[in-house]
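Asks: here you go, sequence then predicted model.
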Amino acid sequence: MSEQRPTIYFDLDGTILDVKRRYYAVYSVIVSDLGLTPLALEDFWDRRRRGEPADQTIANVGETVRSKFRQRWLESIETHPYISMDELLPRAAETLTDLSKRFCLVLVTLRRERELLIEQLSTLKIEHFFDTIISPPDKRSISSKATLISQKVRPGSYPALVIGDSEADVSAAKKLGIRSVCVTSGIRERAFLEALDPDFIIGSIAEIPPLLQRADFISPIQCYKSYPALATSEPKGEQMNVLTYLMESRGIGNAARRLPTIAWRFGVSTSKMEKALQTYIQIAQAHNCRPTLAVTSVLLERYPKVFQWLNEQVELGVHGYVHTDYSLLDEKAQGEHMERSLQAFLALGIQPKGFRCPYLRWNEDSISVASKYGLTYGSNRSVVWDVVRPEKTDASAWEAYRKGLRLYGTDEVADYMSLPSRINGSLLDLPASMPDDEAMIDRLGLPVEKRVETWLASFQEAYKRGEMLVTILHHERVPYCAEALEAVLQASRQQQLPVFVASMGEIADWWNRRSSFKLNVERLTEASYRVLAPDDGDATILVSGVQTDPPSQPWDDRYRVAPPGNFTIPTKQAPVISLDEDSPVGLKAFLQEEGFVIWDGLQSGGYRLTGIETFSEKDKRKVLNTIETSGAPLVRLWRWPRLARSALSITGDIDAMTFVDFLRRPFEV
């Protein structure tokens, strides 16, 4: 990318291309398939231009139908034949020809299908106008345009401008500290764009050249991977602070009685917590483990030296700006909190990847805000392992334990798999595991040996299922849970198969990387198939019910490890899964996420999975069990790298460094 000429960052859909026909065609096909009546073209487009998401244009349906629509929309909107419906907007080619002679043109799009994107640009004969084409790094990435640009731009101060048709473009310009121009030719109408407060609004890109005659029109980039200054007003919104939480979680009487204990744990200076953190790190490092600690960002401002040191030892994540209930805040308020949080991190030279909301309390705005600001994962869902039994627990302790789980919105692991997943198809979430340290000590009152037993049982369950254990250990309870932490880490090194012990950021990076792998099966003869494996040494390919050439190696009771590289399977039945053409969309997506090769109804062969009319999170284990006990020949890309059976991430939350910090929490809203 040239830095000698001023740079124009161009949006594609709606700015250069007329996408109305494509959007409507996808919409009308999906709505018709759902047994509903589509809106007329102009009605649909008017509502989209007013800012309505595509699924909100469907009236009188529930969330299940909208979810199916969203899934189908993501699967279809960037595919043939729809993508061929796009046309260049009037005078787009002429304008790009003119501008490319004087400016560095960079295309920035959130399109996920890069190969089809390049193919379309080539077909329309506009690819050569752009010095660089920026798009998400893989199909499952959720990135803001500001983040995508920042990943390509080196620090500096040179003239730049963003031209687009939506809130994504204006937001990118504001985050980068440069000017924005919105066109009304695309997905948003003028009234909607005016509310975004861009620098200019014009009818189409054909009106760009006259604007650029102004010598001072294009602004220099002011920042790199930075965030705009906050308004002077404090974030607003109905909020839960620690006082409200204690009343809801324990009752105010119990909370008051615990204050002396809390005071003793924290102390009046940071020395106790610094010592606890040192112990935490020493135990983890002895087992080659890098913990992830989510920090309430106001603490970074109070104790910068502590957290600069800590950042060298662990992965730090965002735990809100203050310790409040983000599920009660709207998108605007959460955005203000996130901006302030990230400014605190960036002031120390720290670029966080993930976040965990206080009290594990979040809403959909939490996810969209985190995505908007470039975070790559969250850990806000939680699952509870069935390792604490009511018949072996005091009745009052059991009720306190279950009350905490209800407060966190925890799901039973019998119903929900403990694996990374995308919330609403968006940000990757790594579910936290219960019981955590707070549950074992303050609610259940378990003695040391029972804490060890409880976490070891949780680890063994995750290992047996091939899933992920994400422990939560707050630094103030390290003196009381050091033995349990040590036991789990030691167990992770003593299993027959490896365990992927990693920070949450490393697990998220792996899961995103894995999603880009391709595993294909080709028919060679009537009795043999060729498996084309990903060209990545970390990928684990498993087979069951078949022999391989070269030979496979033992792994567990159900699977064997395939040989490195491509290999042959002598079998009459294809080692794939075949689905009915009308199978639920979510079923296919889940099986692909699990690494199976799926052949659609047009391809014959394979293990036929039929008769599934509905599919939800709670059906996943049942479906997997049906497949894995079928005895059918199968090949799959396993979940974890380097032959690992399961994954383990040691995590914690830091929301106070002293007793004074703890006492300040009720007033930090």
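Replies: Great, that's in hand. Numbers count the residues shown, from 1 in each chain.
Asks: shaky segments in the stretch 1-150 of the chain?
Replies: Within the stretch 1-150 of the chain, the ranges that satisfy pLDDT under 70 run 1-4, 139-143.
Asks: all helices of it, in order?
Replies: Using DSSP state H, counting those that start in this stretch, the helices of the stretch 1-150 of the chain run over 20-33, 41-49, 63-76, 92-100, 114-123, 145-152.
Asks: centre of the chain to the longest strand anywhere in the chain, how far?
Replies: When the chain is parsed with DSSP state E, its longest strand is strand 646-654. When distances are taken as Cα atoms, centre = their mean, to the nearest Å, strand 646-654 is centred 17 Å away from the chain's centroid.
Asks: tell me which strands it pairs with, and in which orientation.
Replies: Here strand 646-654 is paired, per DSSP bridges, with strand 292-295 (parallel), strand 468-472 (parallel), strand 499-501 (parallel).
Asks: deepest of the ones you listed, which one?
Replies: strand 292-295 (a mean of 28; mean count of other Cβ atoms under 10 Å). In this view, the C-beta of every residue, glycine as well, is placed from N, C-alpha and C.
Asks: show residues contacting that strand.
Replies: With Cβ atoms under 8 Å, 6 or more residues apart in numbering as the test, strand 292-295 has contacts from 307, 310, 314-319, 354-356, 379, 475, 503-505, 649-655.
Asks: try stretch 547-563
Replies: Contact with stretch 547-563 is made by 497, 531, 533, 540-544, 567-570, 628, 635, 638, 643, 645, as judged by Cβ under 8 Å, 6+ apart.
Asks: any idea of the mean pLDDT for stretch 430-446?
Replies: Average pLDDT, stretch 430-446: 96.
Asks: how far does it sit from the chain's center?
Replies: 24 Å.
Asks: what does stretch 13-29 give?
Replies: Mean C-alpha position of stretch 13-29 versus that of the full chain (Cα atoms, centre = their mean) differs by 27 Å.
Asks: kindly export it (C-alpha atoms) in CSV.
Replies: Output of stretch 13-29 as CSV, limited to C-alpha atoms (Å, rounded to 0.1, in the frame of the first residue of the first chain):
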residue,chain,number,x,y,z
ASP,A,13,-21.8,-2.8,-1.6
GLY,A,14,-24.1,0.1,-2.0
THR,A,15,-21.2,2.5,-2.6
ILE,A,16,-19.8,1.1,-5.9
LEU,A,17,-22.3,-1.7,-6.5
ASP,A,18,-26.1,-1.7,-6.7
VAL,A,19,-27.0,-4.6,-4.5
LYS,A,20,-30.7,-4.1,-4.2
ARG,A,21,-31.6,-7.0,-6.5
ARG,A,22,-29.3,-9.4,-4.7
TYR,A,23,-30.6,-8.5,-1.3
TYR,A,24,-34.2,-8.9,-2.3
ALA,A,25,-33.7,-12.1,-4.2
VAL,A,26,-32.1,-13.8,-1.1
TYR,A,27,-34.7,-12.3,1.2
SER,A,28,-37.7,-13.5,-0.9
VAL,A,29,-36.3,-17.0,-1.5
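Asks: quick check: buried residues in that stretch?
Replies: 13-20, 22-28 (16 or more other Cβ atoms under 10 Å).
Asks: the helices in the stretch 451-600 of the chain, which residues?
Replies: Secondary structure of the stretch 451-600 of the chain (DSSP H, counting those that start in this stretch): helices located at 478-492, 504-514, 585-593.
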